[in-house]
Each structure stands twice: as C-alpha cells, then as structure tokens.
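>>> sequence first, predicted coordinates after that:
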Amino acid sequence: MAFQMYENLFGPDEVLTKMRDFALANDWTVLENLTNDTPLDGETIVNPGNDVEHAIPSPGNTSSSVWFFFSKRSPDDEVAEYLGEDGDFWEIIVIDTISYSQPIIKWRINGGPWSAEVNMTNEHNQVHLDKNITLLAGFDYNEGVPIIFKIGDMWNFTVRKRTVITPGVDGKRLTIRKGDVYACFRSANGKPIFKTQLNATSDNAHGIGLVCSTNYSSTPISGFWFDQPNATKLKSTQEVIGVGIPCKPGNNYRLYCNAISDPSDLLLFSLELEPGYFQHLAIASTNKVGAWNGGTVYSGSRNSVRMFPGSWNMSIMESESNHLFGMSKYSSTFLRVDIDAAPLRMPGVLWASAGPDTADAQACYTGKMLALGVMNIDCLTASWLPKVPHYGYLQSQNADDSGRNTNTLNCISVNLPMALYVMRDPDSLRNFSQVGYVPGVYAISLYNIAPGQLYEISYPQSGNLHQVFPHVHRKGVFGYDGISVKQ
C-alpha cells in the first residue's frame, strides 16, 4: 500500500507527469513515457474562399457573378492544389463567345505573354492550361446566377493557394503496465482526444483520458493513441471508448495518489479541482471469484464521450459526473471479461460496461452489461437496473441525506466491498453472476469523515487506515456518498 500527494499542479500535462512518477514508484512499468501527441485531425486546412480570390472585373465590366477555380488535373477531376505560386496575378480576357456561358478566352500570368485562344466549350466549362492546371469557369452555385460572358470582358485576380498548417503538440501520451493490466493515458489541451466527445471546444477540451487494452503498440495502424489491441469499444460503432476527467489549465491542483498490491493491484488518482471537489481515475486487476480470463477493471468520474465539462462551474461539473466504480446511464466503469461466448460474438465483446444496453454513444455500451453495488441515484428507478445486491438504498438519496451506511453505535462509516457482476449469456434472461471485487476500494458514507483524510476502521485503535474521498463533493449531488482506499 502506498500514498502520495502532489500540490501546486497547473494543468493536464503536469498532472499526468505526477501520475507517471507515482506509477513508477510503485513498480508499474512505463511503456510510453509522456511522448508528445498531435491532434486527431492531423492537419488543419485553411481554405480562403475557393482557392483563389474572386475575380475583380475591370472598369465597365457588366458581367454577372463569375469565379474561376484552379486545380491540379486528376483522373477523377477532383479539385486539388494549385500548382503555381501563391500570389500569382492572372488576367483573363474574353475574345469571343459561343453562348453566354461558353467564352473563347486568352490568359496571362504575372504580365507574361498572352496565351493562344482557348475555347471553353468542353464539358463542365473546363480547359486545361499549361503547368498541368485546370481552369474552371462555371455557374454561381451559391446564388444560382449564371455567368454571362461578353466580348471584351476582363478579370484580374490573384491566386490564394490552400494553406496546410501542420499542428503543434496538443497533449502527451503515457502508457503503463503491471502484469496483464495495460493503461493508456492522454492529456488534452484544447482539442478532442477521442473520436466522439461532447463539449470539445478550445475552452472546455482540457483533461486526462484513459483507455485500457490487452496489450500495447507504440505504432498503432491508425496512429491514434487509443487504438490499442482489444481496447474498449462502443458496440454500435466500434469506436474506442474509455474514461476521463476534466482538468483546466492554470489552476492550482492537488493530486492524491493511492496504490495497493494486496489482494491485487490498483492505482487510484484523485484530482482536487477546487477545495472539496474531486474527480477520479482508477485502474485495477480484479480480485477474482473463480478462475477466468481477463480481469482488468477501470473507472473514471466520466466516460470518454462526456469527459469535457459543459461548464467549469463546479455545481455543473458535479451534476455531469458519476460514482467511481458505480452504475450510471452514462457508463464510466469497464471490466475485461473475455468469458462465456462473448469473444465469439460479431463484433466481438471483451469488455462489460456498467450501464444500459442502448445505442446512445453517451452510454458507452460495449455489448455486455456489468453490474455494481454503487450507482447514480437515478438508476434506482430505471427499468434496466440489474437485479443484483446493491447499495442504492444505503446511499444518500439527496444532498441532505446522510445515508444509512454507518455503524449504529458510533455513527462511523462501514466499509462496503465493491462487488462486480456480469450478465451471462443469453442476455435475454438477464441473469448475472458475481466475478470478483474491486481490490482495496470500498463504498462509505462521509457523514462524519473529512475528505482526503485518513480514518481508522475496526475502531478503536486497530491501526487499519483508509483514506476517504467524496465521489465529487461532500453534501452535494451525491450527498455523503464516498469511497475509502485501504492504506
């Protein structure tokens, strides 16, 4: 068992660095050590207008709306990049007309010699010029006004090429391993880090994401940090999903780190965003019941789709969060359970998710349901809630409810184990079997306990210490619901 607290942290990268340091100190192997990562979109294309400035008519020109496009010739006629120089000055003059939209023209670039006459009567009003350039003149498709060419009309304009901006670094990658548990982290500094994320604006897209997998690749085929072997996937789209926490740059954060190795391995990171307000990330190897393949369990205050807050207001952030290792209609706890027929399904299912079976991306449903004893209180009345032993009625029912998880003699909280249940095939029977426990983390009431502090179980003077945290905020949306971590 180990505990470490880091103070005065400013932003996602620094928080992730301390998480790395703590994992190293507790015998986790670092497979990818805070390497720089670029945005998911790879490159940002800045396209001013239609590759060129709109034609500027000469004085007295009476023609209606007209523009010209420049593109590289290709077999499928797709528009590509202009091969000339940025800032090339073009002059085009109408020598004759076949119809109002089919002129015969001459052209020159940068004051050079005039070209031979060019008949623009071929399909799509295109003509191939030198430099392997296609000159296109067509209708104003935005307004539906046809081009009207008249003899003597002249257009002068300057080419503005598409600009490709190679992005800078917007986050760091960290991958750690212990045994068969692989955990891949990525910091976000203003851009999304998963394919599907809400509130992914430059103001809100800040935090740390986590995905677990069955192995690690330093060079995934897609290049994306999360595209690891057998990573957790959304059933409906097969996109990689995971968990995350928000972390706005510039704040003075405090990070609590806990690690245990008995009865199995667990890392728990608790980030105090503001005094008394927490967000959590946890990874563990399940303390199994029976023998089965898999066992990695991980959880966060939010799932990857809902990782970024709608607002940095603490009350709103709390309302968007989940119980750690709890059930929610927006699942943020996943368990690797390659058991029964799950690996034979199409598509395959290796992970169970603690939420409802729905196609809504926010629910992060994997194709197999995981049941837990702790839950967001609105799950109690949900039709999909698994019929397994749970603590819903022992939890705080509202902000003022102290909960019912206290010793009757001294009102000190009782540690309730976090059991894991998985739906068995066929799913239509809705039968669940217990497969294990989350090691070293327990459900408690914080009624008489201060967040972040140590308290003694088996009171008095047992020496058995646990550190306690609220799921987000004591006496808030979650009432006095909290967790304790064995020391």
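Received it, and whenever you're ready, just let me know what you need.
>>> if we go by neighbour counts, what in stretch 258-276 is buried?
Residues 258-260, 264-273, 276 are the ones in stretch 258-276 that count as buried (16 or more other CB atoms under 10 Å). C-beta coordinates here come from the backbone N, C-alpha and C atoms, glycine included.
>>> over to stretch 440-458?
Those would be 440-447, 449, 451-452, 455, 457, for stretch 440-458 by 16+ other CB under 10 Å.
>>> check whether Val15 really touches Cys247, as I assumed.
Yes: if you go by CB atoms under 8 Å, Val15 and Cys247 touch, sitting 5.7 Å apart.
>>> shared neighbours of these two, anything?
Ser187, Ile208, Tyr253, Leu271 (CB atoms under 8 Å, 6 or more residues apart in numbering).
>>> so how far is the helix or strand that contains the second one off the chain centroid?
Here Ile208 is covered by strand 206-213, with elements defined by DSSP states H and E. Offset of strand 206-213 from its chain centre (CA atoms, centre = their mean, to the nearest Å): 8 Å.
>>> now do stretch 463-480
Taking mean C-alpha positions (CA atoms, centre = their mean), stretch 463-480 and its chain are 27 Å apart.
>>> next one: stretch 213-233
For stretch 213-233, the distance to the chain centre is 14 Å (CA atoms, centre = their mean).
>>> shaky segments in the stretch 101-250 of the chain?
Scanning the stretch 101-250 of the chain for pLDDT under 70 picks out the ranges 101, 120-149, 157-167.
>>> now do 90
Residues of the stretch 101-250 of the chain meeting the criterion pLDDT under 90: 101-170, 202, 218-223, 249-250.
>>> hey, where'd the strands end up in it?
Taking DSSP state E, counting those that start in this stretch as the test, the strands found in the stretch 101-250 of the chain are 102-109, 118-119, 126-128, 133-137, 154-158, 163-165, 171-178, 181-189, 206-213, 243-246.
>>> show me the residue at the heart of this protein, geometrically.
What sits nearest the mean C-alpha location of the chain, by CA atoms, centre = their mean, is Phe194, with 3.1 Å.
>>> count of neighbours near Asn464?
13 (other CB atoms under 10 Å).
>>> for it, which non-adjacent residue is closest in space?
Ile457 (4.8 Å; CB to CB, 6 or more residues apart in numbering).
>>> ok, the one you found touching Gly463?
No: using CB under 8 Å, Ile457 makes no contact with Gly463, being 9.6 Å away.
>>> just to check, Val468 is in contact with Glu456?
No: counting by CB under 8 Å, Glu456 is not a contact partner of Val468; they are 11.3 Å apart.
>>> could you list the paired strands of the strand ranked longest in the chain along with their orientation?
Among all segments of the chain classified by DSSP state E, the strand with the greatest residue count is strand 432-445. Strand pairing for strand 432-445, using DSSP bridges, gives strand 287-288 (antiparallel), strand 416-423 (antiparallel), strand 481-486 (antiparallel).
>>> so which of those is nearest Pro347?
When these are compared by CB to CB, strand 416-423 sits nearest Pro347, at 17.3 Å.
>>> the closest one - what's its average pLDDT?
Averaging pLDDT along strand 416-423 gives 95.
>>> hmm, back to that, adding distance to Ser315 and mean neighbour count, write the strands of the stretch 101-250 of the chain out as TSV.
Listed next are the strands of the stretch 101-250 of the chain as TSV, based on distance: least, CB to CB, whole Å; neighbours: other CB atoms under 10 Å:
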stretch	distance to Ser315	mean neighbour count
strand 102-109	62	19
strand 118-119	67	15
strand 126-128	59	15
strand 133-137	55	19
strand 154-158	53	17
strand 163-165	38	10
strand 171-178	27	22
strand 181-189	22	26
strand 206-213	18	26
strand 243-246	14	28
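>>> ok so, going back, most packed of the strands paired with strand 432-445?
Counting by mean count of other CB atoms under 10 Å, strand 481-486 has the highest mean neighbour count of the strands paired with strand 432-445, with a mean of 25.
>>> next one: that one to chain centre, how far?
The answer for strand 481-486 is 27 Å, by CA atoms, centre = their mean.
>>> contacts for that strand, please.
The contact list for strand 481-486 (CB under 8 Å, 6+ apart) reads 1, 258, 260, 268, 280, 323-325, 374, 395-396, 403, 413, 415, 440-446, 449, 451, 455, 457, 464, 466-471, 474.
>>> and with 6 Å instead?
258, 260, 268, 324, 395-396, 415, 440-442, 444, 446, 466-471 (CB atoms under 6 Å, 6 or more residues apart in numbering).
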